[in-house]
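K.L.:
Just the structure for this:
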Amino acid sequence: MSIAENIQNIREKIAVSAKKSGRNFEDITLIAVSKTIDVDRIAEAVNSGITNLGENKVQELVDKYPQIQNVNWHLIGHLQTNKVKYIIDKAHLIHSVDSLKLAQEINSHAKRIEKIQNVLIQINISGETTKFGIPQIEVENLLESLQNLDNIRVCGLMTIPPAYATYDENKKLFEICNKLFIDIKAKNNHNICMEYLSMGMSGDFEAAIEMGSNIVRIGTGIFGERNYII
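P.N.:
From the prediction side, this is the model:
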């Protein structure tokens, strides 16, 4: 199947899953994860209606940013504090804030360019030591600390489930994250506006949508198997 056909297939599945959760297709943001993908193939996806692109690595986002226009770029991978300065003027949404130190660095650089940077808090919902993200038990304390940072806006949560979890196991983890999202949203804290729940990738996005996700990050499902030599 072509990239355009893959996108149409993903959209149809999103629509079905959204309906199961009482929502519409338009309620779900589809991010095409373009890591390791060449610019020509990314352009093909954009020409098929993709308006949101996600990169895991800062350098790839920086390199591709001037070559692909009229899209929102998302930084979805781990972000080191010393690389914030390179993407602060480029990232529509940073999905991977997992510490006060990183949030402070983003806030500082955003202030310098007079920007309010939208971010998501990355939750390590499974407790895996190999995964980035803040433990669920520490989320409330982090959010409390972030309320004094005027140049960031916490727009929601992001999580990545275990790579080899079953469909049902993923659903349970997504459900936990959704409950946390709802609980935080109910508190209506300063500069925290729980709008986005970023859960679900190529192998589990349907379960994620059914459990409340409104952002899905699809790479292989759109571009096929990746070439990791770049």
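K.L.:
Please save the CA atoms from stretch 164-176 in CSV.
P.N.:
Extracted as CSV, the C-alpha positions of stretch 164-176 are listed here (Å, rounded to 0.1, in the frame of the first residue of the first chain):
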residue,chain,number,x,y,z
TYR,A,164,5.3,-6.3,24.3
ALA,A,165,2.1,-5.7,26.3
THR,A,166,-1.1,-7.3,25.1
TYR,A,167,-4.1,-5.3,23.8
ASP,A,168,-5.9,-5.8,27.1
GLU,A,169,-2.8,-4.9,29.2
ASN,A,170,-2.4,-1.7,27.1
LYS,A,171,-6.1,-0.8,27.6
LYS,A,172,-5.7,-1.1,31.4
LEU,A,173,-2.6,1.2,31.4
PHE,A,174,-4.3,3.7,29.0
GLU,A,175,-7.4,3.7,31.3
ILE,A,176,-5.2,4.6,34.3
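K.L.:
Quick one: list the elements packing against the longest helix seen in the chain.
P.N.:
Counting residues, the longest helix found in the chain (DSSP state H) is helix 167-187. Here helix 167-187 touches helix 139-146, strand 152-159, strand 192-198, helix 205-210, going by 3 or more Cβ pairs under 8 Å, 6 or more residues apart in numbering; DSSP states H and E. Any C-beta I mention is one placed from the backbone N, CA and C, and that applies to glycine too.
K.L.:
Format those as CSV; extra columns: mean neighbour count and distance to Val16.
P.N.:
Converted to CSV, these look like this (neighbours: other Cβ atoms under 10 Å; distance: least, Cβ to Cβ, whole Å):
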stretch, mean neighbour count, distance to Val16
helix 139-146, 16, 31
strand 152-159, 24, 22
strand 192-198, 20, 19
helix 205-210, 24, 8
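K.L.:
residue boundaries of the helices in the chain?
P.N.:
3-20, 39-47, 58-64, 84-87, 100-112, 139-146, 167-187, 205-210, 220-223.
K.L.:
Name the surrounding residues that touch the longest one.
P.N.:
Here helix 167-187 makes contact (Cβ atoms under 8 Å, 6 or more residues apart in numbering) with 123, 125-126, 136, 139-140, 143, 156-157, 159, 161-162, 165, 192, 194, 197, 199-200, 204, 207-208, 210-213.
K.L.:
Give the full set of residues in contact with Gly200.
P.N.:
Counting by Cβ under 8 Å, 6+ apart, Gly200 makes contact with 174, 206-209, 213, 215-217.
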